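Peer 1: I need the structure of the sequence given here:
(4 chains)
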Number of protein chains: 2
Amino acid sequence: MENKRELFQVLTRRFGLLNKNCCSIGAVDISSVQSHILYEIDKQTSPSMQQVAESIAMDITTFSRQIQTLIKMELVKKTPSSADKRVYILSLTVQGKFVATTIDESMNAYLEEVFSHMNEFERETVIRSIKLLNQAMSKSSVCCTPLL
Amino acid sequence: MENKRELFQVLTRRFGLLNKNCCSIGAVDISSVQSHILYEIDKQTSPSMQQVAESIAMDITTFSRQIQTLIKMELVKKTPSSADKRVYILSLTVQGKFVATTIDESMNAYLEEVFSHMNEFERETVIRSIKLLNQAMSKSSVCCTPLL
DNA sequence: ATATATTACTTGCAAAATGCAATTAACTAG
DNA sequence: CTAGTTAATTGCATTTTGCAAGTAATATAT
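Peer 2: Residues are numbered from 1 along each chain as shown, chains lettered A, B, ... in the order given. Just a heads-up that it's a prediction; the model follows:
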């Protein structure tokens, strides 16, 4: 029986580091958190502030301020919802979309490079395993219930 | 070809969240970063400040201050090295060891719970996959070179 | 319909975390 | 012995964080 935590600790630390490193696109300097926010806005369809904040398990007040920053950077747009005047719909600006896409591409490029150190069989096994893990985690009751 | 980044994004976010949640042991309140520090000190043998800071890819000045905090909390001890008087050897106090062990146990308990949603074959496949991934990442040239 | 409670989001702090530049002390090399 | 490194600390100044409190809009109850 190996120490599972050790395996995960190393894996996630590496991935977190990657997230940190690859977030400077030209003149635009993006923090790791901001990259996560851009990612989620891009992924969801017309999300409200709450929705995005919740999906990355971030305090709403901190989130609100991060959004203000991203708006100043002209990466994010906040549109008042017509259905409910309390809520704001978040979306990426053209530049924001560009930044998000660029980050996504370099992340995937990195991952491709990582996977290039494996053979085809290993590649498929690993991908399937990560999916399995994600499924198992979402079934779990212990943690992460507010997440995703 | 699926989006690999998506899979990893979800996985690591969940794991990061877990790290955040499970870091309050009784009266002691530990931040996620501090938990990483305790983990590394526990894992390495008589490490210096530099060594630990580097292994978690943390700025040495921030690290220095975190260590000061952890010493005030009586979780970490700093012993001057006899070989080189510039360096300090880090170690856990009894209480620090206890906290580190408790965190480790609850992380592993959580992971056991996650793995309980799989059958034996899946479990082994997933574990092997994570190992493969870690190996591949350490071989990679793109990122994470300072790490581990 | 109108008073009450909820909800979505924003601000006011005050604490914590971060990182660059500069400093101190100790070691190493010429 | 002097000059150059290295390990670690401190001085800022900025950024991030999160609780408490506030505002405005919607939902619920009487």
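
Peer 1: Only C-alpha atoms from now on, for both contacts and neighbour counts.
Peer 2: Fine.

Peer 1: residues in chain A within reach of DNA strand D, list them.
Peer 2: A:31, A:33, A:58-59, A:61-63, A:65-66, A:83-86 (C-alpha under 7 Å from any atom of the strand).

Peer 1: Among these, name the buried ones.
Peer 2: A:33, A:58, A:63 (16 or more other C-alpha atoms under 10 Å in any protein chain shown).

Peer 1: export the residues you listed to a markdown table and tack on pLDDT, distance to B:Met49 and secondary structure?
Peer 2: Formatted as a markdown table, these follow (pLDDT from 0 to 100; distance: C-alpha to C-alpha, whole Å; DSSP: H, G, I helix; E, B strand; the rest coil):
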| residue | pLDDT | distance to B:Met49 | secondary structure |
| --- | --- | --- | --- |
| A:Val33 | 92 | 27 | helix |
| A:Met58 | 94 | 31 | coil |
| A:Phe63 | 98 | 33 | helix |
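
Peer 1: how about those residues in JSON lines, adding distance to chain B?
Peer 2: Compiled in JSON lines, these are given as follows (distance: C-alpha to the nearest C-alpha, whole Å):
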{"residue": "A:Val33", "distance to chain B": "11"}
{"residue": "A:Met58", "distance to chain B": "10"}
{"residue": "A:Phe63", "distance to chain B": "16"}
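
Peer 1: so of the residues of chain A next to DNA strand D, which ones are in helices?
Peer 2: If you go by DSSP state H, the residues of chain A next to DNA strand D have A:33, A:61-63, A:65-66 in helices.

Peer 1: Quick check: the two most widely separated of the residues you listed?
Peer 2: Across these, the longest distance by C-alpha to C-alpha is 14.1 Å; it joins A:Val33 and A:Thr61.

Peer 1: ok, back up a step: can you tell me which of the ones in helices among the residues of chain A next to DNA strand D is nearest B:Asp42?
Peer 2: Once C-alpha to C-alpha is applied, the member of those that ends up nearest B:Asp42 is A:Val33, at 28.3 Å.

Peer 1: For A:Thr62, see how far away the closest one is.
Peer 2: 11 Å (C-alpha to C-alpha, to the nearest Å).

Peer 1: A:Phe121 too?
Peer 2: Taking C-alpha to C-alpha, one finds A:Phe121 at 43 Å from A:Thr62.

Peer 1: Ok, A:Phe8 next?
Peer 2: A:Phe8 is 28 Å from A:Thr62, by C-alpha to C-alpha.

Peer 1: next one: A:Gly26
Peer 2: A:Gly26 is 26 Å from A:Thr62, by C-alpha to C-alpha.

Peer 1: The residues of chain A next to DNA strand D into TSV, with extra columns for distance to B:Arg128?
Peer 2: Converted to TSV, the residues of chain A next to DNA strand D look like this (distance: C-alpha to C-alpha, whole Å):
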residue	distance to B:Arg128
A:Ser31	32
A:Val33	30
A:Met58	32
A:Asp59	35
A:Thr61	41
A:Thr62	38
A:Phe63	37
A:Arg65	41
A:Gln66	38
A:Ala83	50
A:Asp84	49
A:Lys85	51
A:Arg86	49
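
Peer 1: Report the mean per-residue pLDDT for the longest helix that chain A contains.
Peer 2: Longest helix in chain A by number of residues (criterion: DSSP H): helix A:94-115. Helix A:94-115 shows a mean pLDDT of 91.

Peer 1: tell me which strands and helices it is in contact with?
Peer 2: strand A:24-25, helix A:32-43, helix B:4-21, helix B:120-139 (3 or more C-alpha pairs under 8 Å, 6 or more residues apart in numbering or on different chains; DSSP states H and E).

Peer 1: can you list the residues that contact that helix?
Peer 2: A:18-19, A:22-23, A:25, A:35, A:38-39, A:42, A:74-76, A:123, B:3-5, B:133, B:136-137, B:139-140, B:142-143 (C-alpha atoms under 8 Å, 6 or more residues apart in numbering or on different chains).

Peer 1: Mind doing that once more with 6 Å?
Peer 2: A:75, B:5, B:136-137, B:140 (C-alpha atoms under 6 Å, 6 or more residues apart in numbering or on different chains).
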